[in-house]
Every structure is written in C-alpha cells, then in structure tokens.
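Q: coords please:
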Amino acid sequence: MDIKETFIESIGTLTINKLRTFLAILGIVIGIGSVIALVSLGEASQQSIQSRIQSLGANLLTVSPGSQTQGGVRGAAGGDTTLTNADALAIQTSPQVTTVDAVSPEVDSREQVTAGKNNSNIRINGVTDAYAPVHTITMASGSFISSEDDLSQRKVVVLGPQVVADLFPDGSDPVGKTVLIKNITFQVVGVTVSKGGTGFQNQDNLAYIPLSVAQKQLFGQSYLSDISLEAKSPDVMTQAQNEVGYLLLGRHKLSNPSQADFSILSQADILSAASSTTGTFTALLSGIAAISLLVGGIGIMNIMLVTVNERTREIGLRKALGAKKKIIITQFLIEAILLTFIGGLIGIALGVAFSYLYATFTSAPFVISAVSILIAFGVSAGIGILFGWYPAQKAANLQPIEALRYE
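A: Residues are numbered from 1 along each chain as shown. Prediction:
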C-alpha cells in the first residue's frame, strides 16, 4: 500500500466517527486560535503604546522634580518643588548645553472646567509657545498659546478634543467662546488634533493656558511641574541627559550626582519599559494558551488509543495478511497529523478573525505575526507526530494472533 492509498484510507477512517474526530480537533483549534489571537493582541497593544509615547514628542526628554535613577544622572533624595523658571531658562541659554533644540517649562494640575451647564474635571497644563513643537501638538482649529499670551498674562485656553466634546456636546465651534476654570473666565482660542489615549493618560482630555497665568493666577506656585526638552537627534539623547543633568547639579549647588533633586527621563527609557512590560504580558498569555495545545495533544492521543483498541481485530487481520509494521505506524501517524493539521488551519483562521474583529471594534492596530502562524503550523504538525507516535507504535506492535482473538 503506497502513501496515497494510506492517506485516502486515513481520511475515510476519520470520517466514520465524525463526533469523535470533531472533539479531537476541537482542542487543537482552541489552542492554536488562542495563541494566534493573544500574540496578535499583545503586538497590537505594544504598537499602540509605542505610537502614543512617540506622539508625545520627537527626541523627548523630561526633567522632573524629585529623584530617580535615569540616564546620565543618578538621583537620590529630593523634593517635588525643585525646578524653577530660571532652571528652564538656563537650559535654553547655557553654552554648556549644546544638544537641545527646544525647552518647554510646564506646570499642571487637575481642575474643574465649566461651560454653561456642562463641566469636566481635566488636567490643566500651564505652558509656553515652545510646548507645541516639543510635544508635536497640531491644531484642528484656532491657534496655540503664543509668547505674547504668556508675556501679557492673557486668560486664553486651548482645549483638547475630548474636553470640547464634554463641554460643547452640541458640536458647536468652541473657538471664541468662554469657559470657567476656578471661577476665572478664559477665552477659547484653539482646539488640538486628537492624539488618543485613555484614563489619566488621555492626551485629548487636556487644556492649555499660558504658563504665567497658571503660576501667578490659577495655581499660585513659582516652581515647575516638569521641563520638557527636545534633543537635536536620537543619537545625542544620552549626551543631552548628561549636559542638562550636570548643569542643574551646578545650579542647585550639588556636587554629587547621587544627591540630585531631579530626574531626567528619555523617550527611549519609556519605550523600553513599555515594550518590556507588554512583551512579558504577551509571553505570559501565550504560555497560558500553549497549555491548551498540550491538553489538545493529550486528547488526540487518548482518542487514537481508543481507536487502536476498537480496531485491534482489523490490525491483526492486516498483519496476518502481510501488512508491515511500517505501514501500520504510517497510517496511524497520518490520521493523527491530519487531525492536528485540520485543527491548526481552523485555529489560525479563527485567531486571525478574532484579532480582526477586536481591531475593528476597538480601533486598535490589526497586527498578525507571520512568525506566530508558522510556529502554529509547526506546533500542530509536531503535536500530531508527538502524540500520535505512541498509539501508532502500540498498534504496530500488536501480535496478529492476539489481535484476532481480541473482543
């Protein structure tokens, strides 16, 4: 009997008991589908997080008050009011800093904003005109905070699109209208383009006012919440961290970097941490999904063992008529591989379909890894061979006389 005949006979055997074949395939379908879907969701989440971080600004460095081990300066104990406008000006003008293109001093606080009967609790950012280029802010309408607005302490505000939706649900253009922040009237001068995000990290749920107004009239503080910097290129990010770090150490009269009362975080640090976290999460989910593949493989082995017992007399008759051990092993292996291969194909299709539907309904990126599909094919074939080998060997080792006497 050649391979073609063996293959046709294996298909016929599997179609005799359709329910058993379906149950054997089901475990593989669930396992392969879960792996494909979870790897896809993990990679989509990673891409989404990376795009949001990168949308915050190109070559971005953030100087924050307080201490933290980051970049070229290792911080220790510190407070949260250690950065001032003078520090930002020094970074911008010092000949010691040669790798920074733009400096954006910032203060922020969560406040209630009211427009007519509508209100929203959002984060208010006090900024200068440097904020927009540093954080790659694009205007949907109107204009951003200007240097003249900051110098003249004009009570103007730029709203994010989510704020506009909350305060002006009728869809009217907010530019030119007024809102109240802590009972102070601000005129809306612009609306930003959506960047996306959720919860406290929602870049659309922000409002921007002049830094001078925020410090002197709204928050009543002279210190800064952060200083954002745009490095000249990705290649000089570390150098920029060092230059800014040692400049601030000198200004704060600190001789030892371990005593720094500020921290400098680069965009690369954030991306690395986010990628590590999502990568670990994806690996964990994939490991859990792989367990179902193992269970599916054991299920196939059990069903093949039952099949061997049911076909003992048939096997004995074939061996008595001269069928070789190799033929018996080949037939049972083909049956097991067919089960896992068909289950793998269906599982891949379901995994891709689930990922597509998830991306469609959540606006997440649709990402399918070719590597995961190839691995799925390999794993499904491997499971067929691994868990089909023992039943095949058991069938091939049956003695013809004992097999023919089996009841």
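Q: ok, then the element right after the one helix or strand in the chain whose mean pLDDT sits lowest?
A: Across the helices and strands of the chain, mean pLDDT, DSSP states H and E gives its lowest value to strand 73-74, namely a mean of 42. Counting by DSSP states H and E, the element after strand 73-74 in chain order, helix or strand, is helix 85-93.
Q: from the chain's centre, how far out does that next one sit?
A: Distance, stretch centre to chain centre, for helix 85-93: 35 Å (C-alpha atoms, centre = their mean, to the nearest Å).
Q: could you pick out the longest strand of this protein?
A: For the chain, the strand with the greatest residue count under DSSP state E is strand 100-115.
Q: what residues of that one count as buried?
A: 100, 102-108, 111, 113, 115 (16 or more other C-beta atoms under 10 Å). Every C-beta, even on glycine, is put in place using the N, C-alpha and C of the backbone.
Q: turn those into TSV, including distance to residue 290.
A: TSV is the format used below for the buried residues of strand 100-115 (distance: C-beta to C-beta, whole Å):
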residue	distance to residue 290
100	47
102	48
103	49
104	46
105	50
106	46
107	49
108	44
111	48
113	49
115	52
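Q: show me what the longest strand of the chain is packed up against.
A: Judged by 3 or more C-beta pairs under 8 Å, 6 or more residues apart in numbering; DSSP states H and E, the packing partners of strand 100-115 are helix 85-93, strand 118-127, helix 131-134, helix 161-167, strand 178-181, helix 211-213, strand 226-231, helix 237-251.
Q: restricting the selection to alpha carbons, write the last one to CSV.
A: What follows is helix 237-251, C-alpha atoms only, in CSV (Å, rounded to 0.1, in the frame of the first residue of the first chain):
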residue,chain,number,x,y,z
MET,A,237,19.8,61.8,23.8
THR,A,238,22.3,60.4,26.4
GLN,A,239,24.6,63.3,25.9
ALA,A,240,21.7,65.7,26.3
GLN,A,241,20.7,64.0,29.6
ASN,A,242,24.3,64.4,30.9
GLU,A,243,24.6,68.0,29.8
VAL,A,244,21.3,69.1,31.3
GLY,A,245,21.9,67.0,34.4
TYR,A,246,25.3,68.4,35.3
LEU,A,247,24.1,72.0,34.5
LEU,A,248,21.2,71.5,37.0
LEU,A,249,23.5,70.0,39.6
GLY,A,250,25.7,73.1,39.4
ARG,A,251,22.7,75.4,39.7
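Q: that helix to helix 85-93, inter-axis angle?
A: 130 degrees (axes from the mean of the first three to the mean of the last three C-alpha atoms, to 10 degrees).
Q: show me how far helix 237-251 is from its chain's centre.
A: 31 Å.
Q: same question for the fifth one.
A: A distance of 36 Å separates the C-alpha centroid of strand 178-181 from that of its chain, computed with C-alpha atoms, centre = their mean.
Q: which other residues reach whichever helix or strand comes after that strand?
A: As assigned by DSSP H and E, the chain's next helix or strand after strand 178-181 is strand 184-192. Strand 184-192 is contacted from outside by 137-145, 149, 155-161, 164, 174-180, 204, 206, 208-209, 217-218, using C-beta atoms under 8 Å, 6 or more residues apart in numbering.
Q: just checking, which of these belong to strands?
A: Per DSSP E, the contacts of strand 184-192 map to strands at 139-142, 156-159, 178-180, 206, 208-209.
Q: got a winner among these for most neighbours?
A: residue 159 (32 neighbours; other C-beta atoms under 10 Å).
Q: quick one: pLDDT of residue 309?
A: Listed pLDDT for residue 309 reads 68.
Q: whoops, I mixed them up, residue 36
A: For residue 36, the model assigns a pLDDT of 81.
Q: which strand or helix spans it?
A: helix 18-55.
Q: what helices and strands are in contact with that helix?
A: The contact analysis (3+ C-beta pairs under 8 Å, 6+ apart) places helix 18-55 against helix 267-310, helix 325-362, helix 370-396.
Q: can you do 10 Å?
A: helix 3-16, helix 267-310, helix 325-362, helix 370-396 (3 or more C-beta pairs under 10 Å, 6 or more residues apart in numbering; DSSP states H and E).
Q: who are the packing partners of the third one?
A: With contacts taken as 3+ C-beta pairs under 10 Å, 6+ apart, helix 325-362 sits against helix 3-16, helix 18-55, helix 267-310, helix 312-320, helix 370-396.
Q: just how off-centre is stretch 361-372 within its chain?
A: Relative to its chain's centre, stretch 361-372 lies at 11 Å (C-alpha atoms, centre = their mean).
Q: got the end-to-end distance for that stretch?
A: Its first and final residues considered, stretch 361-372 spans 23 Å by C-alpha to C-alpha, to the nearest Å.
Q: where does pLDDT dip in the stretch 1-150 of the chain?
A: Scanning the stretch 1-150 of the chain with the threshold set as pLDDT under 70 gives 1-7, 9-10, 12-14, 46, 48-58, 67-80.
Q: let's see it at 80
A: Filtered on pLDDT under 80, the stretch 1-150 of the chain yields the residue ranges 1-21, 23-24, 27-28, 31, 34-35, 38-39, 41-58, 66-80.
Q: show me the contacts for residue 172.
A: residue 164 (C-beta atoms under 10 Å, 6 or more residues apart in numbering).
Q: may I have the phi/psi pair for it?
A: Main-chain torsions, residue 172, degrees, to the nearest 10: phi -70, psi 160.
Q: tell me the spacing between it and residue 360.
A: Noted for residue 172: a distance of 31 Å to residue 360, by C-beta to C-beta, to the nearest Å.
Q: and the helices and strands packed on strand 100-115: which comes nearest residue 350?
A: Judged by C-beta to C-beta, the one of the helices and strands packed on strand 100-115 that comes nearest to residue 350 is helix 161-167, at 35.1 Å.
Q: quick check: buried residues in the closest one?
A: The neighbour-count check on helix 161-167 (16+ other C-beta under 10 Å) flags 161-164, 166-167 as buried.
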